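Enquirer: here's a sequence, model it:
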Amino acid sequence: MSTCGKNNPAVRRYTIRLMVLMTAYVLLLVFSKWMFKRGYGEGLLAYVLALLPALPIIGVIWAVMRLLVEQTDEYLRMLMVRQCLFATGFALVITSVREWLQNFDLISSNDGGFGATFFWFAGLGIGGLINAVLEKRGRAE
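Expert: Just a heads-up that it's a prediction; the model follows:
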C-alpha cells in the first residue's frame, strides 16, 4: 500500500500489524513443519498444525481491509479500493484459468500451495504499481 504515505497514522498501524502477522506466519510455519517432521502430524493435531500458518495470512487480509476502514483521506482510500479491486479481479482470473486447465488435465493440480490468496497478494502488488504509474502520469499532465 505504497500510495498511503509514511506519516499517515492508519498506515503506521497497518505496518505494525503486518510485521506482527508476518512474524507469526514464519514462526507458525516453522513450528508446524517441525512438528510434522517429528511425527506429531497425525489425527486432529495434523489438521490444527496444517492450518496454523493460515491464520496469520487471514490476518493480513483483515489488516488490508482494516486499513481501508481506518484511512481518513478519501482520495487515498479510493486508490486502495482500486488496488484491492484489481487484486480481486487478478486472483479470480488466474485461479479460474488454472482450474479449467487442471479440469482438462492440461496442467498438474499439485501447485505447492499457490492458491487464490497468493494471487490476490500478487495482484495487490501489481495494483499498487498501477496506482503509482497512474499517479505519476497524472502529476506530469
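Enquirer: from now on I want contacts and neighbour counts done on CA atoms only, so please keep to that.
Expert: OK.
Enquirer: now the helices for this protein?
Expert: 9-37, 43-51, 54-70, 74-103, 116-140 (DSSP state H).
Enquirer: so which of those helices gets nearest residue 110?
Expert: helix 74-103 (9.4 Å; Cα to Cα).
Enquirer: may I see the helices of the chain organised as a markdown table, with mean pLDDT and distance to residue 110 added?
Expert: Below are those laid out as a markdown table (pLDDT from 0 to 100; distance: least, Cα to Cα, whole Å):
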| stretch | mean pLDDT | distance to residue 110 |
| --- | --- | --- |
| helix 9-37 | 97 | 19 |
| helix 43-51 | 96 | 17 |
| helix 54-70 | 97 | 18 |
| helix 74-103 | 95 | 9 |
| helix 116-140 | 93 | 14 |
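Enquirer: would you turn those into JSON lines with mean neighbour count and distance to residue 109?
Expert: Shown next, in JSON lines, are the helices of the chain (neighbours: other Cα atoms under 10 Å; distance: least, Cα to Cα, whole Å):
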{"stretch": "helix 9-37", "mean neighbour count": "16", "distance to residue 109": "22"}
{"stretch": "helix 43-51", "mean neighbour count": "13", "distance to residue 109": "19"}
{"stretch": "helix 54-70", "mean neighbour count": "17", "distance to residue 109": "20"}
{"stretch": "helix 74-103", "mean neighbour count": "17", "distance to residue 109": "6"}
{"stretch": "helix 116-140", "mean neighbour count": "16", "distance to residue 109": "14"}
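Enquirer: okay then, goodbye and thanks.
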